[in-house]
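**Q** Fold the following.
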Amino acid sequence: MSVSVDTVYQRVLAILNKEQRGYVTPQEFNLFANQAQMDLFEQYFYDINQFGRMHGNDTEFSDMLNILNEKIDIFEVTAAMTYAGANWSAPADLYRIGTLIYNDIEVERINKNEFLYINASPLLKPTDTRPIFVSSAAGYKIYGSLILRTSTAKLNGAITASNTIVIASANSSIAVGDKVTGVGISGVIVVTGINADGITITISSPQTLTNGTVLTFTTPSPTQLIRSGVTCNYIKRPAQAVWGYTTVSGAALYNSSTSTDFELHDSEETELVIKILEFASLSIKDLSLYQIGNQMEGQNTQQEKS
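**A** Numbers count the residues shown, from 1 in each chain. Sure, this is the predicted structure:
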């Protein structure tokens, strides 16, 4: 789906000629065209925000949201990110970031203040299976950690709704902060204390486990930056529309090989014509032309409502 840049230019010229309002050069048209495209593109996000706030949407509003999402979907892209200088950079045509993905896992977005708290918590600190990222003007820092050490131990005696476990024999590899997993373990559990006997261990929340359950104690490595394997879903900025031409006997003739069509949904053709006429009116200081654009816009809006 796209809108022909030549069709839009010819419609603009036809209206100007009909109204005897002057002429828009190719250079002026290209300038107005890209401003018009960006105005319409950015309006999508404002409109989605407005329609999304309306409670009890009926079919009409639901349809409008679907139409807006369809127009935005054209610009949704998945691409690899670039790592340099401890930061990940999004593609150059980024307009709005969506989801960052590492090893097929969605990376959770947090702010800088949250990072200090999360990184200090054994329960919340990032891992390679639960990565996080922080954004800044320099780019995106993505954090995870590799598994440093894993050990196992058998439970010596059943427990019921208790956060104290006793293992069959002491294991010097087990440490405070280790993540505890095993059959019957519920939630994210970590070691919060180890008795001097080396076999009595306190865990972060009460559990009910059977005697002989094999528990795995995993010590993660310190939080580290992820340096490879990251992609992102994002909304890209529309490419610059260009009415390319060659000059023959002093006249500009359309050249498709040097032209770039509008990337907007093909239903936006008339809106582009209207917007460009409004910009042209300000350039040639003809307010009546601006009024013609407004009149066309009103007619177009009325048709959409009907």
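
**Q** Just the element for the spatially most central residue of the chain, please.
**A** Centroid-nearest residue in the chain: residue 98, 0.8 Å away (criterion: C-alpha atoms, centre = their mean). For residue 98, the host element (DSSP states H and E) is strand 94-102.

**Q** can you pull the alpha-carbon coordinates of that strand into CSV?
**A** Provided in CSV are the C-alpha atoms of strand 94-102 (Å, rounded to 0.1, in the frame of the first residue of the first chain):
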residue,chain,number,x,y,z
LEU,A,94,13.2,4.7,14.3
TYR,A,95,10.1,6.7,15.2
ARG,A,96,8.9,4.8,18.3
ILE,A,97,10.5,1.8,20.0
GLY,A,98,8.3,-1.2,20.7
THR,A,99,9.7,-4.4,22.1
LEU,A,100,13.4,-5.4,22.5
ILE,A,101,14.0,-9.1,22.1
TYR,A,102,17.0,-11.1,23.3
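
**Q** Please name every helix or strand in contact with it.
**A** Contact analysis of strand 94-102 by 3 or more C-beta pairs under 8 Å, 6 or more residues apart in numbering; DSSP states H and E lists strand 139-144, strand 230-236 as its packing neighbours. C-beta: built from backbone N, CA, C; applies to glycine.

**Q** Paired strands for the longest one, with orientation please.
**A** According to DSSP bridges, strand 230-236 has the following sheet partners: strand 76-80 (antiparallel), strand 94-102 (antiparallel).

**Q** Please identify the most buried of those strands.
**A** Greatest average neighbour count among the strands paired with strand 230-236 goes to strand 94-102 (a mean of 17), per mean count of other C-beta atoms under 10 Å.

**Q** Provide the angle between the direction of it and the direction of strand 139-144.
**A** Relative orientation of strand 94-102 versus strand 139-144 (axes from the mean of the first three to the mean of the last three C-alpha atoms, to 10 degrees): 10 degrees.

**Q** And the next helix or strand past strand 94-102?
**A** Counting by DSSP H and E, the next helix or strand C-terminal to strand 94-102 is strand 105-106.

**Q** got a list of contacts for that following strand?
**A** Under the criterion C-beta atoms under 8 Å, 6 or more residues apart in numbering, residues 99-100, 129-131 lie in contact with strand 105-106.

**Q** Toward the C-terminus, what is the element adjacent to that strand?
**A** For strand 105-106, the succeeding helix or strand toward the C-terminus, using DSSP H and E, is strand 108-109.

**Q** average pLDDT for that next one?
**A** For strand 108-109, mean pLDDT rounds to 96.

**Q** quick one: buried residues of the following helix or strand past it?
**A** Heading C-terminal from strand 108-109, the first helix or strand you meet, by DSSP H and E, is helix 112-120. Across helix 112-120, burial judged by 16 or more other C-beta atoms under 10 Å covers 115, 118-119.

**Q** In a markdown table: those, plus distance to residue 221 and pLDDT.
**A** Output for those, formatted as a markdown table (distance: C-beta to C-beta, whole Å; pLDDT from 0 to 100):
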| residue | distance to residue 221 | pLDDT |
| --- | --- | --- |
| 115 | 17 | 90 |
| 118 | 16 | 88 |
| 119 | 13 | 84 |
